[in-house]
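[1] need coordinates for the below:
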Amino acid sequence: MLISPVRLFELLLASGVQPASVLEPFCTDAQSLPPVDDAAALAQLLVDRQLLTPYQAEVLLAEMPHPLVYGKNIVVDRIGGGGMGQVFLAVHSVMQRQVAVKVLNDRFVDSHDSIERFLREVRAAARLQHPHIVTAFDADRADGRHYLVMEYVNGRDLGQIAADGPLPVDQALDYISQGAQGLQYAHSQGVIHRDIKPANLLLSNAGVVKVLDLGIARIQQANEPASDETVAHLTVEGMVMGTVDFMAPEQAMNSAHADARSDIYSLGCSLFSLLTGKPAFHGNSIIEKIFAHRGQPVPQLDDAHGPAARTLNQLLRNMLAKEPDHRYQTMSHVIEAIAECRRECSAATSQPGRSVQSSPRTIIGELDGGTVAEHGETLQREKAPGSQQDRENHLQRVTELLENFVAGRAFRDHFIDLEEEDAILRKGCDEGLPPELVRDFLRVQCEQRNWTIQSDLSVELLAQLEQTSEGVNHDAFQQVVAYAAGRSMPRKQAIEHCLTLILDHEIPVIEEATWFNKLVDRYGL
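    I've put the predicted structure just below:
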């Protein structure tokens, strides 16, 4: 039954969407208009005057089945919803910032377990602040309804994107790597997601992937076992929580057993889905799918993925191993493996049948012979950009610089493994390294920053960075060069020296790469 225009206006005033002071001019203008007998016509007039959004008008005409204001956040549209709750697009009335408001469904208002699960999501979201996780801003109750105010991400989830067809290899790996970075942080804060799938990885229009929906996440305190009784009342024995197509075998048996490695499995299933457009394991029922995850071999990518298939299959095998102990053990390992996979896939695609990749151990051996001066002339001969062949040579050279960077860190780690500082100093002196340089290694070892994990840069992007000075602190770089100038040492020691000088400055990792390449050029390595 349609409501009257008078009733519509009463609901509008009571809703809090617009203050009376804003509606008064409309009422004055309306007196000069023909009478409106239809509430729908009045609602459309309010929409035309931008006093209501179409969704607000729809809710008012339905006599407000839910509030339109949560705290200082005014609902303007509905984004989506599921079994547990609805998600609305809202605008903060003071800050004018768009936010997403998740509201627990009415039928759970009297359900203690549902409220506890919702509040657990609130607590999990509140402790996570990371670029690749949707940020929580506030939580409260309105008219008896629990709600969570979150960052609004303008974009689509990866499930929607994958539904349009398989993604290019590097794009899929990039998105999964970004999700892994968010999960790495969540795990470090004791939060296990337990429902990782493409639909819970949101891609912004700026190309940033953010993990969302911590509705069944489990908060684990430091040193807390996975089956701790603190979650027993919400994760009962044998209860399955998660999405079966992406669920780890141990989680399907009992969700309380899920740990960080279960999220790794789910992320691997998500990667397979992005690459192929279909789930990793099939079945006609939930039970069949669960048994497929437990018993069927890890699916292999076919020749459609070209030379990259072998590298991708190895990555998937290590993420989708049946036993948690046989998988990558941390998201850090996953991020590092994806970075390596991207490099190998790029090399295999750009130069079929040949790889420019060398192992750090081989690089270390090559560094032992020859000095800085001997390699300077070779580098100068290589620098004649212009043709396609020159560009390919340049990209190959940058790849070698990346490998030198990794090799240099590996060489530094050789000293870190020793237990006593005196032993390290003696070792350094035996190899001709200045004691102050070895002390530098000790000072920076606690940072444990690994280039291959943190940068996640393609060779092409690094090549572009090498050719520009944008984003580099010129004065600080000149200080590094001045400190290094005039030093003659074997190439291996020079690279280690470059690394130490760079780590002495608090700069972003992306700038470390540029600095390193510039120092290599300066030394003629």
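
[2] in the chain, what helix or strand scores lowest on average pLDDT?
    Lowest by mean pLDDT, DSSP states H and E among the helices and strands of the chain is helix 360-368, with a mean of 31.

[3] surely Val149 is within a strand?
    Yes: applying DSSP: H, G, I helix; E, B strand; the rest coil, one finds Val149 inside a strand.

[4] now the strands for this structure?
    69-70, 73-81, 85-92, 98-104, 136-142, 145-151, 155-157, 191-192, 201-204, 209-211, 218-219 (DSSP state E).

[5] now the ones you listed as JSON lines including mean pLDDT, distance to Asp302 and mean neighbour count?
    C-beta coordinates here come from the backbone N, C-alpha and C atoms, glycine included. JSON lines is the format used below for the strands of the chain (pLDDT from 0 to 100; distance: least, C-beta to C-beta, whole Å; neighbours: other C-beta atoms under 10 Å):
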{"stretch": "strand 69-70", "mean pLDDT": "94", "distance to Asp302": "49", "mean neighbour count": "20"}
{"stretch": "strand 73-81", "mean pLDDT": "92", "distance to Asp302": "34", "mean neighbour count": "17"}
{"stretch": "strand 85-92", "mean pLDDT": "93", "distance to Asp302": "37", "mean neighbour count": "21"}
{"stretch": "strand 98-104", "mean pLDDT": "92", "distance to Asp302": "39", "mean neighbour count": "22"}
{"stretch": "strand 136-142", "mean pLDDT": "89", "distance to Asp302": "41", "mean neighbour count": "17"}
{"stretch": "strand 145-151", "mean pLDDT": "91", "distance to Asp302": "39", "mean neighbour count": "22"}
{"stretch": "strand 155-157", "mean pLDDT": "93", "distance to Asp302": "26", "mean neighbour count": "17"}
{"stretch": "strand 191-192", "mean pLDDT": "88", "distance to Asp302": "33", "mean neighbour count": "24"}
{"stretch": "strand 201-204", "mean pLDDT": "95", "distance to Asp302": "24", "mean neighbour count": "21"}
{"stretch": "strand 209-211", "mean pLDDT": "95", "distance to Asp302": "26", "mean neighbour count": "24"}
{"stretch": "strand 218-219", "mean pLDDT": "57", "distance to Asp302": "36", "mean neighbour count": "20"}
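
[6] need those strands in JSON lines with distance to Ser266, can you?
    As requested, these are arranged in JSON lines below (distance: least, C-beta to C-beta, whole Å):
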{"stretch": "strand 69-70", "distance to Ser266": "31"}
{"stretch": "strand 73-81", "distance to Ser266": "21"}
{"stretch": "strand 85-92", "distance to Ser266": "21"}
{"stretch": "strand 98-104", "distance to Ser266": "21"}
{"stretch": "strand 136-142", "distance to Ser266": "22"}
{"stretch": "strand 145-151", "distance to Ser266": "21"}
{"stretch": "strand 155-157", "distance to Ser266": "15"}
{"stretch": "strand 191-192", "distance to Ser266": "10"}
{"stretch": "strand 201-204", "distance to Ser266": "10"}
{"stretch": "strand 209-211", "distance to Ser266": "11"}
{"stretch": "strand 218-219", "distance to Ser266": "14"}
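
[7] of the ones you listed, which approaches Gln44 most closely?
    strand 73-81 (16.6 Å; C-beta to C-beta).

[8] okay, now the sheet partners of the closest one, with direction.
    Strands adjacent to strand 73-81 in the sheet, as given by DSSP bridges, are strand 69-70 (antiparallel), strand 85-92 (antiparallel).

[9] in JSON lines, list those strands along with distance to Cys27.
    Putting these into JSON lines (distance: least, C-beta to C-beta, whole Å) gives the following:
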{"stretch": "strand 69-70", "distance to Cys27": "21"}
{"stretch": "strand 85-92", "distance to Cys27": "23"}
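
[10] looking at those, which is closest to Arg310?
    Evaluated with C-beta to C-beta, those place strand 85-92 nearest to Arg310, the distance being 41.0 Å.

[11] closest one to Val36 among the strands paired with strand 73-81?
    Nearest to Val36 among the strands paired with strand 73-81 is strand 69-70 (25.0 Å), distances taken as C-beta to C-beta.

[12] ok, Tyr70 touching Met150?
    No: taking C-beta atoms under 8 Å as the definition, Tyr70 is not a contact partner of Met150, at 11.6 Å.
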